[in-house]
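In: Build me a structure from this.
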Amino acid sequence: MNGITYRELDRVLRSLGLTCRVLQQEPAARWYEHPETGAIVSLPLLPEDEPVFPNHLAAVRATLDIYGIADPRELAAELQKTS
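Out: A predicted model of the protein is given here:
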């Protein structure tokens, strides 16, 4: 999954049913929420073409797995499709 950008991650999260709000307060962030489960993922507002930091991807993976939205293999497969 190396080389996944924030744009690609955004597409996958939205395809899994998460909505996104951009919070402009400091620090600016993208706030993803899954209405059905209440899961929330907050990521710093970084350029969309930047590669995703490993710790951000780990947080996304863990949140999606814990809330039963997508297990790590499903997420990896979805991210692979986008790259």
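In: Just the strands from this structure, written as ranges.
Out: Taking DSSP state E as the criterion, the chain carries its strands at 19-23, 29-34, 39-44.
In: Highest mean neighbour count out of those strands?
Out: Of these, the one with the most neighbours on average (mean count of other CB atoms under 10 Å) is strand 29-34, at a mean of 18. Glycine gets a C-beta too; all of them are placed from N, C-alpha and C.
In: Report the buried residues of stretch 74-83.
Out: L75, E78, L79 (16 or more other CB atoms under 10 Å).
In: about what we covered before: take the strands of the chain and lay them out in a markdown table including mean pLDDT.
Out: Listed next are the strands of the chain as a markdown table, based on pLDDT from 0 to 100:
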| stretch | mean pLDDT |
| --- | --- |
| strand 19-23 | 95 |
| strand 29-34 | 96 |
| strand 39-44 | 96 |
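In: Tabulate these (a markdown table), appending distance to R61.
Out: Output for these, formatted as a markdown table (distance: least, CB to CB, whole Å):
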| stretch | distance to R61 |
| --- | --- |
| strand 19-23 | 18 |
| strand 29-34 | 13 |
| strand 39-44 | 10 |
